[in-house]
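Q: 3D, please:
(chains A, B, C and D)
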Protein chains: 2
Amino acid sequence: MKWDEIENEVCSVSRTLAVVGDRWTMLIIRDAFLRVRRFDDFQKNLGMSRHRLSERLKKLVDYGVLKKEAYQANRYEYRLTEKGLELYPILISMAKWGDKWMDDGKGVPMLYKHNPCGHHYSPMVVCSECGEPIDPHDVTPQIGPGKFHNSRAHSACIEKAS
Amino acid sequence: MKWDEIENEVCSVSRTLAVVGDRWTMLIIRDAFLRVRRFDDFQKNLGMSRHRLSERLKKLVDYGVLKKEAYQANRYEYRLTEKGLELYPILISMAKWGDKWMDDGKGVPMLYKHNPCGHHYSPMVVCSECGEPIDPHDVTPQIGPGKFHNSRAHSACIEKAS
DNA sequence: CGCCATCAGTTCCAAAATGGAACCTAAAGC
DNA sequence: GCTTTAGGTTCCATTTTGGAACTGATGGCG
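A: The predicted structure follows:
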């Protein structure tokens, strides 16, 4: 199987990776959350080739993660859409994991202040239903309606999982 | 800049992507959370080339995300370490985003039951300090100790951000 | 014991993606 | 009207990937 076929898998992780799983894409998103908006600013901050950047931005616009708006004649800004803003949990979870597991002993690169409470925070994933923090051992994955009539995919591994 | 230099960036997102940002890697992790453990099972479920799989598994073991253990002479299992298990918030956030934004109209592929409360849940990211859900607009990123004396990196874009 | 199947890879090569440098074009500033 | 800046595109060498075929060590079975 090739990488660009994963968008058609019956799996939400695969489908998400079809959008943000390419090289550089999550770093473009990171910069977008830090209010970077212009082509040259992305390019200078990321140090990636203009060629690749151009292609990635186009793809993100096509998927509706960024929107491209002129701020002058022939000058454009790329901004996160609602769809893009909702990538925040993924991004901040990556930041937290890197803080903990890829530390170089010099302290964390960035701190995040939660304005409403005024503290530096770290993201905590809790259950939408009971509010308790999630331990992956306490979660049972089950086949949902979208996968039910699908003979391919991971039936086998899910059976093993339960 | 080349992709394999991002591990040395003073940014926890970059460093995380150095580990899990390659093609297929997050899908290997996904399968690992679904209790897939053996080479051939990963290969059949993912449909990726054995060559690439072999390389990715080796890399994940080197980084300490998976551990390789013999379950018979010359037969091995790959299991998530503590470091690997803590990738769960990233993975489940990807699943949630895909459920919402990459839906094909046939219903969600998978449901996740939170055993302690018994409900199908979705992950919610809340502030570690006050417990409220996080809206990215309410967060102010600030330069941390690890980036303070570093002239490169994103000083410029952070200033713009604040 | 001898044969076949399974598991866990490795080797080799063609095809696709990436990185870098140079080039292009349309405003805007002076 | 000349120069600078922003926002790209083109071209080509280098890397990565994907796929098929091959290897080698058990393990099961008649």
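Q: enumerate the residues of chain A near DNA strand D.
A: A:1-3, A:38-41, A:50-51, A:54, A:57, A:68, A:71, A:74-77 (CB under 7 Å from any atom of the strand). (Each C-beta comes from the backbone N, C-alpha and C, glycine too.)
Q: among those residues, which are in helices?
A: Under the assignment DSSP state H, the residues of chain A next to DNA strand D contribute A:Phe39, A:Asp40, A:Asp41, A:Arg50, A:His51, A:Ser54, A:Leu57 to helices.
Q: so, low pLDDT: which residues of chain A?
A: A:149-162 (pLDDT under 70).
Q: quick one, helices of it?
A: Using DSSP H, helices in chain A cover A:12-20, A:25-33, A:39-46, A:50-62, A:82-85, A:88-101, A:145-148, A:155-161.
Q: for B:Trp97, which of the ones you listed is the nearest?
A: helix A:12-20 (5.2 Å; CB to CB).
Q: packing partners of that closest one?
A: Here helix A:12-20 touches helix A:25-33, helix B:25-33, helix B:88-101, going by 3 or more CB pairs under 8 Å, 6 or more residues apart in numbering or on different chains; DSSP states H and E.
Q: tell me the angle that helix makes with helix B:25-33.
A: Interaxial angle of helix A:12-20 relative to helix B:25-33 (axes from the mean of the first three to the mean of the last three CA atoms, to 10 degrees): 170 degrees.
Q: just the CA trace of helix A:12-20, in PDB.
A: Only the C-alpha atoms of helix A:12-20 are listed here, as PDB (Å, rounded to 0.1, in the frame of the first residue of the first chain):
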ATOM      1  CA  SER A  12      -9.900   8.200  11.800                       C
ATOM      2  CA  VAL A  13      -6.200   8.200  12.700                       C
ATOM      3  CA  SER A  14      -5.300   7.300   9.100                       C
ATOM      4  CA  ARG A  15      -7.600  10.000   7.800                       C
ATOM      5  CA  THR A  16      -6.100  12.600  10.100                       C
ATOM      6  CA  LEU A  17      -2.600  11.600   9.100                       C
ATOM      7  CA  ALA A  18      -3.600  11.900   5.400                       C
ATOM      8  CA  VAL A  19      -3.900  15.700   6.200                       C
ATOM      9  CA  VAL A  20      -1.200  16.400   8.800                       C
END
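Q: near DNA strand C at all, that helix?
A: No - judged by CB under 7 Å from any atom of the strand, helix A:12-20 and DNA strand C are separated, with a smallest distance of 12.0 Å.
Q: identify all contacting residues around that helix.
A: Residues outside helix A:12-20 that contact it (CB atoms under 8 Å, 6 or more residues apart in numbering or on different chains): A:4, A:6-7, A:9, A:25-26, A:29, A:59-60, A:63, A:65, A:87, A:90, B:26-27, B:30, B:91, B:94-99, B:101-102, B:108-110.
Q: for PyMOL, write a command that selects the buried ones of these.
A: With 16 or more other CB atoms under 10 Å in any protein chain shown as the burial test, the buried ones among the contacts of helix A:12-20 are selected in PyMOL as follows:
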select buried, (chain A and resi 6+7+9+25+26+29+59+60+63+65+87+90) or (chain B and resi 26+27+30+91+94+95+96+97+98+99+101+102+108+109+110)
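Q: go back to the contacts of helix A:12-20 and keep what's next to DNA strand C.
A: Restricting the contacts of helix A:12-20 to those near DNA strand C - CB under 7 Å from any atom of the strand - leaves A:Asp4.
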